[in-house]
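Enquirer: curious how this folds, go ahead:
(one chain, ligands or ions: 1)
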Amino acid sequence: MGKDWSHLVDNMSNRLAPSMAKDHPNLPVVKEEGCYYYGVDGKKYLDFTSGIATTNVGHRHPKVVEAIKEGADELGHGPSGVIIYESILKLADRLADIMPGELDCFFFGNSGSEAIEGAIKLAKHVTERPYIVSFIGGFHGRSMGALSVTSSKSKYRKFLHPTGSYQVPYAQVDESPQGVEPEQYVVEQLEKDFERLFAHQVTPDEVAAVLVEPVLGEGGYIVPPKAWLQKVRELCDQYNILLIFDEVQTGFGRTGEWFASQTFGVTPDIMAIAKGIANGMPLSATVASNELMKQWPLGSHATTFGGNPIACSAANAVLDVMEEENLLANTREVGAYATEKLKDLKDKHPVIGRVRSVGLMIGIEIIDPKTGLPNSEGLFKVLDTALENGVLFYFGGNQTEIIRMIPPLTVTKEQIDEGLRMFDEALTSYEEEI
Ligand code: PLP
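Expert: Now for the predicted structure:
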């Protein structure tokens, strides 16, 4: 296709469902490379979204591109369970090495939602129990099963009558009363919420699994204390319930270790992974121990495209790049640097509220300085101006809308400076306006 496709962009809202062409922002791009998008307008944009925490090794990393090309030269697609490819076996082997605990067996799918569907089905099959307990503000995807455990926005669930799950509050890290340590507060609240749940709504022997994002993603980048996640694990053990981690967004280095499970020192029984696994190629996995996975009846779950050999080749290359370029260490170092820089910006700009971060998963609140309350309108104005200045951030959050800063894990300190300078200017323009 030629470079002039402005007529297609003009007709976009007629051709694409509204969910595929949102208002904020639609940036038509012609090329992507490393930490940058290149717009059809001829401008270069620094990317602090990673395609929503997905292109962790940078856009079109040459090694990933090479692996995709090599894969496509020889292979394409075969019937699942009949044809088997080296790349999928190699990937399963290599992932087993970096997974926490006994998680060493994989069901490959195409998206995060499918990995969640798999995790729920596996837990239900193994325990023969009907219900899942998930968390208020949690986001696990929009397919019907994933939706039934998602609560991050009521609009996702409206009219869809999801069933089979109960929700309890996530760690309310900012709500501890004066004089009570947040960590102690959230752990006690969790215990009480589970007691209440099991006393009034559902009995533990009806619950197949507790499903949790180790860091609340779409729900606003809430980073719980380690003790809170450890308590979730303890409660699961106490009540003999499986624990599922949704690491779709936190996985593959985002929090500074391979998985948030390792960052927080808590191992689940089942994990859902996707996004960063293949740097943008459609791939995901439901992961469990071999022992658990063997109890999943053959044929109860399958997919036509899952574990495609080319996507698996890309995923193997992602693992190579992560290791060769030392991206876990880079994430920790540059993530800490960016967080410090944002603290300076917060001191300078009264419209910045709380900044929450782990690794390169950073959430920034924009508030009304007069009331201290979250200010969605202001947030989108800042995002639009930042984009005009040349840096792309993402947004998200349900209880409070936040700016999500999730650059590729290859990002350098210089690029953080470059992006935050444009962000700084956007904040100044907004503050001059109000
Ligand atoms: N789980 C989490 C934590 C996510 O952030 C997402 C997507 O943003 C999903 C599940 C769903 O993944 P997908 O959009 O690939 O279906």
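
Enquirer: enumerate the residues of the stretch 251-400 of the chain near the ligand.
Expert: With C-beta under 6 Å from any ligand atom as the criterion, the stretch 251-400 of the chain meets the ligand at residues A274. To be clear about C-beta, it is placed using only N, CA and C from the backbone, and glycine gets the same treatment.

Enquirer: relative to the ligand, which residue of the stretch 251-400 of the chain is the closest?
Expert: The stretch 251-400 of the chain approaches the ligand most closely through A274 (4.9 Å), counting by C-beta to the nearest ligand atom.

Enquirer: that residue contacts T286, doesn't it?
Expert: No - A274 lies out of contact with T286 (C-beta atoms under 8 Å); the separation is 9.8 Å.

Enquirer: helices along the stretch 301-434 of the chain, start to end?
Expert: Assigned by DSSP state H, counting those that start in this stretch, the stretch 301-434 of the chain shows helices spanning 309-324, 327-348, 376-389, 413-433.

Enquirer: which residues touch the closest residue to the ligand within the chain?
Expert: Residue of the chain nearest the ligand, by C-beta to the nearest ligand atom: G112 (2.2 Å). Applying C-beta atoms under 8 Å, 6 or more residues apart in numbering, we find G112 in contact with H140, G141, A146, D246, V248, Q249, A272, A274, K275, S284.

Enquirer: save the helices of the stretch 301-434 of the chain as CSV, and put in mean neighbour count and mean pLDDT too.
Expert: Converted to CSV, the helices of the stretch 301-434 of the chain look like this (neighbours: other C-beta atoms under 10 Å; pLDDT from 0 to 100):
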stretch, mean neighbour count, mean pLDDT
helix 309-324, 22, 98
helix 327-348, 17, 98
helix 376-389, 19, 96
helix 413-433, 17, 97
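
Enquirer: dump the ones you listed into JSON lines; add distance to G34 as well.
Expert: JSON lines is the format used below for these (distance: least, C-beta to C-beta, whole Å):
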{"stretch": "helix 309-324", "distance to G34": "12"}
{"stretch": "helix 327-348", "distance to G34": "13"}
{"stretch": "helix 376-389", "distance to G34": "18"}
{"stretch": "helix 413-433", "distance to G34": "9"}
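
Enquirer: just so I know, which of the ones you listed lies nearest D193?
Expert: helix 376-389 (27.9 Å; C-beta to C-beta).

Enquirer: buried set for stretch 101-118?
Expert: 103-118 (16 or more other C-beta atoms under 10 Å).

Enquirer: and the strands in the stretch 151-300 of the chain?
Expert: Remark: strands assigned in the stretch 151-300 of the chain by DSSP state E, counting those that start in this stretch are 165-168, 207-212, 242-246, 270-273, 284-288.

Enquirer: among those, which is nearest R15?
Expert: strand 284-288 (27.3 Å).

Enquirer: quick one: contacts of that closest one?
Expert: With C-beta under 8 Å, 6+ apart, strand 284-288 has contacts from 95, 99, 103, 105-112, 114-115, 118-119, 122, 248, 269-274, 277, 306.

Enquirer: then stretch 317-326?
Expert: 56-57, 61, 63-64, 66-68, 91, 94-95, 98, 252-253, 276-279, 327-328, 409-410.

Enquirer: quick check: closest non-adjacent residue to M405.
Expert: I362 (4.0 Å; C-beta to C-beta, 6 or more residues apart in numbering).

Enquirer: near the ligand, which residues of the stretch 51-200 of the chain show up?
Expert: Checking the stretch 51-200 of the chain against the ligand by C-beta under 6 Å from any ligand atom, the hits are I52, S111, G112, S113, I116, F139, H140, G141.

Enquirer: for these, which two are the farthest from each other?
Expert: Using C-beta to C-beta, those span at most 15.8 Å, a distance reached by I52 and I116.

Enquirer: thinking again about what came up before, mind giving me the ChimeraX select for the contacts of stretch 317-326, buried ones only?
Expert: What follows is the ChimeraX syntax selecting those of the contacts of stretch 317-326 that are buried according to 16+ other C-beta under 10 Å:
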select :56,57,61,63,64,67,68,91,95,98,252,253,276,277,278,279,327,328,409,410
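
Enquirer: residues in contact with M422?
Expert: L46, A386, N389, G390, V391.

Enquirer: adding distance to P224, write these out as CSV.
Expert: Shown next, in CSV, are the contacts of M422 (distance: C-beta to C-beta, whole Å):
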residue, distance to P224
L46, 30
A386, 28
N389, 33
G390, 34
V391, 29
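
Enquirer: list just the nearest of those residues to E257.
Expert: Closest approach to E257 among these (C-beta to C-beta): L46, at 25.5 Å.

Enquirer: right, and the closest one touches E418 too?
Expert: Yes - in this structure L46 lies within contact range of E418 using C-beta under 8 Å: 6.0 Å.

Enquirer: touching both of these two, which residues are there?
Expert: With C-beta under 8 Å, 6+ apart, L46 and E418 have common neighbours V391.

Enquirer: output the lowest mean pLDDT helix or strand found in the chain.
Expert: Taking mean pLDDT, DSSP states H and E as the measure, the chain has helix 154-157 as its least confident helix or strand, at a mean of 62.

Enquirer: wait, D246 sits on A272?
Expert: Yes - if you go by C-beta under 8 Å, D246 and A272 touch, sitting 5.1 Å apart.

Enquirer: overlap of the contact sets of these two?
Expert: Listed contacts common to D246 and A272 are G112, I116, A119, H140; contacts here mean C-beta under 8 Å, 6+ apart.

Enquirer: can you pull the contacts of the one residue sitting closest to the centre of the chain?
Expert: The centroid of the chain falls nearest to Q249 when counting by C-alpha atoms, centre = their mean (1.7 Å). By C-beta under 8 Å, 6+ apart, the contact set of Q249 is I52, A53, G112, E213, V215, G217, E218, K275, M361.

Enquirer: phi, psi for it please.
Expert: The phi and psi torsions at Q249 (degrees, to the nearest 10) take the values phi -100, psi -30.

Enquirer: pLDDT at it, what is it?
Expert: pLDDT recorded at Q249 is 98.

Enquirer: can you tell me how far it sits from V391?
Expert: Look at Q249 and V391: by C-beta to C-beta, to the nearest Å, they are 21 Å apart.
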